[in-house]
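Build me a model:
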Amino acid sequence: MRKKDTEDEASHYDEKESDKKTNLIKYLSRIFADYTEKLKRKAAARGQAEESTVIDRGNSGKKENSQPDGRKAPQRQNAGNSEHEDHSERKEQRKNEVMRQGLLLGSAAIVIIVMIVVALQPEPETKKTASEAAGQTAEAEATPTPAEEWVEEPFINILEKNNTEIGVSWGEAIRKTSLTEILGNLEKEIGAMAARGYSVSFLLYDVNTGGGISYKPEEIYYSASAIKAPYVAWMAETYPEAAEDYYTEIENAIMWSSNEDYFALINNFGKTGFNNWAADAGSPDIELSDGSFGPVTCRDFTRLWLKIYDFFTSGNESAAEIRDLYTGTDESPIYEALGGGYTVYSKAGWSYDEEEPYYTVQNDAGIVMKGAHPYILTIMSDAYEELELLEGVVEELDLAHSELLAQEQYEKSGSSAPD
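The predicted structure follows:
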């Protein structure tokens, strides 16, 4: 609505309110005048009636006195006294009636005056007049919305971003409000874990953009059984027949994290081939040497899961054979938090050692098939068996990913990004 139209409407409203009050005052004044006139007429009529009565009685007295019989004189004297008493009584009654009518008239006047005063009272100060409200509305409509602030940094693939705090990398500019919300919510989850004495590291990698979110991606943790997921994927890709020949061992190692079946696979297929496969993925520090587990970081482990993603989506028969075994695996906070909304392929690993804190971990990694923007998520921590805490981090990371995807929609809706 244009400002002038708003002011005209407000002025029209004020005029109507003023007319209402004026009409009310006129109406009450007319009632008062009519009532006063009625009283006057009533009083005049009563006066005329009394005068007529006095005249009639006076004539009656004269008639009696005019008679020739002198014996009537005493009666005429008595009649005169009675007439005098009646006149005094009527005078007193008239006086009382006038006072009564005066009281009624005064009461009516007071009521009408009070009604007029109430009608003329201004609106309480807490309420705004229509013109003020309309004026403020017009001002609000005329005031331009502040331009949305955007944050734009040179793009760095999240797998290459070095950061010890929460790092966000995206191919497009990000609204400042979105970035602040993402960082604030994730800091709360990290803080909740720290308050319980736990540390955490994570990396979310958007497969299509290379962007994502990370926190201490270089922190080293013991892999525990999380390493079984990439080992089995390497084995099925390198030895396609193994997916069928060793299906039971694979199922037990992945679904239920059986160490016995995992060791049986290592005894048959060795470690060297897997170490080379990990190095080709860009993670040469992940090695199975003396033991069947080893030290890992979120960055290196995410690279291995990127290889798994390529394998699972390749159409390879052996991939189709084992892929579903990665869904609904034991103690996976990624699956527990997101499996109800997306297809999730994941494998957790956990371990506890009271004497050696390095071996106390609760890790998870996997693929979240989120429509056109699937992502890989790796989360490592020393929060043994604290699945609810880790699920909170996972849920917040998924919300952060959704907020990053929404940046294009914000730009289309009018919150222009910088050129």
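
Please verify my assumption that Glu396 contacts Glu187.
No. The criterion here is C-beta atoms under 8 Å, and Glu396 misses it with Glu187 at 9.8 Å. C-beta coordinates here come from the backbone N, C-alpha and C atoms, glycine included.

more neighbours, these two?
Glu396 (20 against 15; other C-beta atoms under 10 Å).

Next one: the more buried one from Ala226, what distance?
21 Å (C-beta to C-beta, to the nearest Å).

Could you export stretch 392-409 as PDB, CA atoms only?
Output in PDB follows, covering the C-alpha atoms of stretch 392-409 (Å, rounded to 0.1, in the frame of the first residue of the first chain):
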ATOM      1  CA  GLY A 392      23.400 -35.700  18.300                       C
ATOM      2  CA  VAL A 393      26.600 -34.700  16.400                       C
ATOM      3  CA  VAL A 394      25.500 -36.700  13.300                       C
ATOM      4  CA  GLU A 395      22.000 -35.100  13.300                       C
ATOM      5  CA  GLU A 396      23.500 -31.600  13.600                       C
ATOM      6  CA  LEU A 397      25.900 -32.300  10.700                       C
ATOM      7  CA  ASP A 398      23.100 -33.500   8.500                       C
ATOM      8  CA  LEU A 399      21.100 -30.300   9.300                       C
ATOM      9  CA  ALA A 400      24.200 -28.200   8.500                       C
ATOM     10  CA  HIS A 401      24.600 -30.000   5.100                       C
ATOM     11  CA  SER A 402      20.900 -29.200   4.400                       C
ATOM     12  CA  GLU A 403      21.500 -25.600   5.200                       C
ATOM     13  CA  LEU A 404      24.500 -25.400   2.800                       C
ATOM     14  CA  LEU A 405      22.400 -26.900   0.100                       C
ATOM     15  CA  ALA A 406      19.700 -24.300   0.700                       C
ATOM     16  CA  GLN A 407      22.100 -21.400  -0.100                       C
ATOM     17  CA  GLU A 408      21.100 -21.500  -3.800                       C
ATOM     18  CA  GLN A 409      17.400 -21.200  -2.900                       C
END
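
can you tell me the average pLDDT over that stretch?
In this model, stretch 392-409 has a mean pLDDT of 95.

Output stretch 347-355 in PDB, but only the C-alpha positions, please.
Provided in PDB are the C-alpha atoms of stretch 347-355 (Å, rounded to 0.1, in the frame of the first residue of the first chain):
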ATOM      1  CA  LYS A 347      30.300 -49.600   9.700                       C
ATOM      2  CA  ALA A 348      31.200 -48.700  13.300                       C
ATOM      3  CA  GLY A 349      34.100 -49.700  15.500                       C
ATOM      4  CA  TRP A 350      34.500 -49.600  19.200                       C
ATOM      5  CA  SER A 351      37.000 -50.600  21.800                       C
ATOM      6  CA  TYR A 352      37.800 -50.000  25.500                       C
ATOM      7  CA  ASP A 353      41.100 -50.300  27.400                       C
ATOM      8  CA  GLU A 354      41.200 -48.900  30.900                       C
ATOM      9  CA  GLU A 355      45.000 -48.800  31.000                       C
END
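
Can you mark which positions in it are buried?
If you call a residue buried by 16 or more other C-beta atoms under 10 Å, then stretch 347-355 has these buried ones: 347-351.

So for that stretch, mean pLDDT?
The model assigns stretch 347-355 a mean pLDDT of 97.

Quick check: Asn185 vs Arg175, distance?
Asn185 is 15 Å from Arg175, by C-beta to C-beta.

same check, this time on Leu304
From Leu304 to Arg175 the distance is 33 Å (C-beta to C-beta).

out of the two, which sits in the busier spot?
Looking at Leu304 and Arg175 with other C-beta under 10 Å, you find the greater number of neighbours at Leu304, namely 27 against 19.

helix/strand/coil for the more buried one?
helix (DSSP: H, G, I helix; E, B strand; the rest coil).

I'd say it and Asp280 touch.
No. Applying C-beta under 8 Å as the test, Leu304 and Asp280 come out as separate, 10.3 Å apart.

Would you map the helices across the protein?
Assigned by DSSP state H, the helices in the chain fall at 3-65, 73-120, 130-142, 176-195, 228-238, 242-245, 247-255, 259-269, 272-280, 298-312, 317-322, 333-338, 387-405, 407-412.

what's the domain layout of the protein?
According to automatic domain parsing, the chain comprises the domains 3-142, 151-412.

what's the least confident stretch among the ones you listed?
Lowest mean pLDDT of the domains of the chain: domain 3-142, a mean of 54.

wait, what's in contact with Tyr222?
Shown in contact with Tyr222 (C-beta atoms under 8 Å, 6 or more residues apart in numbering): 293-296, 351, 358-359, 361.

beta partners for it?
Pro295 (DSSP bridges).

any idea how far Lys216 is from it?
15 Å.

so Val232 makes contact with Ile254?
Yes. Between Val232 and Ile254 there is a contact at 5.9 Å, judged by C-beta under 8 Å.

Please enumerate the shared neighbours of the two.
Ile322.

Between its first and last residues, what's the separation in stretch 246-264?
End-to-end distance of stretch 246-264: 10 Å, with C-alpha to C-alpha, to the nearest Å as the criterion.

again, but for stretch 246-262
Across stretch 246-262, first to last residue, C-alpha to C-alpha, it's 11 Å.

Quick check: the gap between Leu304 and Thr297.
Counting by C-beta to C-beta, the gap from Leu304 to Thr297 is 11 Å.

Tell me how many other residues crowd Asp290.
Neighbour tally, Asp290, other C-beta under 10 Å: 7.

Phi, psi for it please.
With angles defined as degrees, to the nearest 10, Asp290 sits at phi -70, psi -40.

What separation is there between the nearest residue to Pro357 once chain neighbours are set aside and Leu397?
Spatial nearest neighbour of Pro357, excluding adjacent residues (C-beta to C-beta, 6 or more residues apart in numbering): Asp382 at 6.8 Å. Taking C-beta to C-beta as the measure, Asp382 falls 19 Å from Leu397.

what's the answer for Cys298, then?
Where Leu397 is concerned, Cys298 sits at a distance of 12 Å (C-beta to C-beta).

which neighbours do the two share?
Common neighbours of Cys298 and Leu397 (C-beta under 8 Å, 6+ apart) are 202, 379.

This completes my enquiry, with thanks.
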